[in-house]
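> Whatever this is, show me its structure:
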Amino acid sequence: MLHAAVALFNEQGYDATSVAALAARLGLSKAALYHHFSSKEEVLEVAVGAALDGLEGVLADATETSAGDRLAEVLRGAVGVLVAQLPAVTLLLRVRGNSEVERRALERRRAFDQAVTEIVRAAQADGAVRADVDASVATRLLFGMVNSLVEWYRPGGPEDAEALARDVLTVALDGLRTR
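I've put the predicted structure just below:
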């Protein structure tokens, strides 16, 4: 049920999707939908919450001792979350803060970005990554690349999550220029 709701939100936009359209997509009456979720906002909260929980879990699970290795672990994990929860991450990236649920989701995203920025700073201090790029800008650029995957990545394509993460890490941390 949640998968179908997320798909509809991604197709039509969350704000443009009515409860009636949501119920119709699910093959339910509005009353039956309200039996499972108290509101359309709750559906959104559960969906984006799953994506955010995955990303926050990546941070919590990053156990490498060096900051550079932790950064690589977080990037690899974020790609894994994106691939595993592509529709929910796509929806999360489209949240604009038009409701309390969206504002809470954006706050969680900002906290995630700040935690990654601290890892980048530590990696810069350790000499693992370049220090001539502002850490917060580097974080935005890294996750701009990761987040762009929602626009073109399709499960079942030529690259699985592991290969995709390896390519992201290569470009992000080693660059494309030959040495």
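
> what residue is smack in the middle of the protein?
Residue closest to the average C-alpha location in the chain (Cα atoms, centre = their mean): residue 89, at 4.4 Å.

> so what's that one up against?
Contacts for residue 89 were tallied using Cβ atoms under 8 Å, 6 or more residues apart in numbering; they are 51, 81-82, 147, 150. To be clear about C-beta, it is placed using only N, CA and C from the backbone, and glycine gets the same treatment.

> just those residues now: which is nearest residue 12?
Relative to residue 12, the closest of the contacts of residue 89 is residue 150; by Cβ to Cβ it sits at 16.6 Å.

> now the helix or strand where that closest one lies: mean pLDDT?
Using DSSP states H and E, residue 150 sits in helix 135-152. Averaging pLDDT along helix 135-152 gives 97.

> next one: stretch 15-24
The model assigns stretch 15-24 a mean pLDDT of 94.

> list the helices and strands the longest helix seen in the chain packs on?
The residue-count maximum for a helix in the chain (DSSP state H) belongs to helix 100-126. Other helices and strands packing on helix 100-126, by 3 or more Cβ pairs under 8 Å, 6 or more residues apart in numbering; DSSP states H and E, are helix 40-61, helix 67-84, helix 135-152.

> hang on, the earlier thing: for the helix holding residue 150, which positions count as buried?
Judged by neighbour count (16 or more other Cβ atoms under 10 Å), helix 135-152 contains these buried residues: 135, 138-139, 142-143, 146-147, 149-150.

> No further queries at this time; thank you.
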